[in-house]
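Trainee: Have a look at this prediction, sequence included:
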Amino acid sequence: MRTIDISMPMHPGMPSFPGDPPVHGRPVRQVDRGDPYNLSVWTMGSHAGTHVDPPRHFLSAGAGSDRLDLAVLNGPCHVVDVGDGATTVGPAEVARMPSGTTRVLFRSSNSRRWDSGASFFPDYVALTLPAANELLVRGVRLVGVDALSIESDPSERFPVHRLLLGAGVAILEGLRLGAATAGEYELRCLPLRWVDGDGAPCRAVLVAA
């Protein structure tokens, strides 16, 4: 088996979605300074790096991070490569999934840009509302993207988030899929168990047979 880490490395100064708190870290105890152990303090937003959006992110009465269904976040999944020329993930890209897919990750030019060391780029490839509707028709329970947000909506109405989360679909954002070719994998994703959290950073990996 081959394991592919599809998580963003966490470090101070890493890309953050505009308006989100930046990631900071500093040591408070250091062995090199005579302390008996190393210890650091980190501050970040709840949607830093690779993370899961729970319903509570947009729905005031929605379940928080601690109530995410781990059975949905772990299991067989399909990676769809939308190609470097795609500017959005639309119904045509959704149609590339095999019938019966319940977990899908969309690999786009975003992953290549992250791998090249890019800072946040506003022209990221995102999911369209018609694509989100098609995912629901097909019975998808988890959708992941290689952008810090699944949608691009300057109006800040966020219809894709609201549609998917309202239907109980798990959203996995901030993936790095450069090393994952299109095909079938086993997804392993464990978000932090923050009580009533509106988001949860996670470590996500793909296992290929």
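Mentor: It's in.
Trainee: Compute the distance between the residue of the chain most remote from its centre and residue 50, please.
Mentor: Note on the chain: the largest C-alpha distance from the chain mean falls to residue 34, namely 39.3 Å (CA atoms, centre = their mean). For residue 34, the distance to residue 50 equals 35 Å [CB to CB, to the nearest Å]. C-beta here means a position set from N, CA and C on the backbone, and glycine is covered the same way.
Trainee: roughly how far apart are the residue nearest the centre of the chain and residue 41?
Mentor: The chain has residue 173 as the residue nearest its centroid, 1.6 Å off, counting by CA atoms, centre = their mean. Remark: distance between residue 173 and residue 41 (CB to CB) = 25 Å.
Trainee: So what sits opposite the residue nearest to the centre of the chain in the bridge?
Mentor: Beta-bridge pairing for residue 173 (DSSP bridges): residue 51.
Trainee: Enumerate every residue touching it.
Mentor: With contact set as CB atoms under 8 Å, 6 or more residues apart in numbering, residue 173 has these partners: 47, 50, 51, 52, 53, 144, 145, 147, 148, 149, 150.
Trainee: On the three-state scheme, residue 147 is what?
Mentor: Recorded secondary structure, residue 147: coil (DSSP: H, G, I helix; E, B strand; the rest coil).
Trainee: from what I can see it touches residue 125, true?
Mentor: Yes. Contact criterion CB atoms under 8 Å: residue 147 and residue 125 qualify, at 6.5 Å.
Trainee: so what sits against both of the two?
Mentor: What both residue 147 and residue 125 touch, as defined by CB under 8 Å, 6+ apart, is the set 108, 110.
Trainee: And the strands in the chain, which stretches?
Mentor: 2-5, 24-29, 39-43, 51-53, 75-83, 88-89, 103-108, 126-127, 142-145, 170-173, 183-191, 200-208 (DSSP state E).
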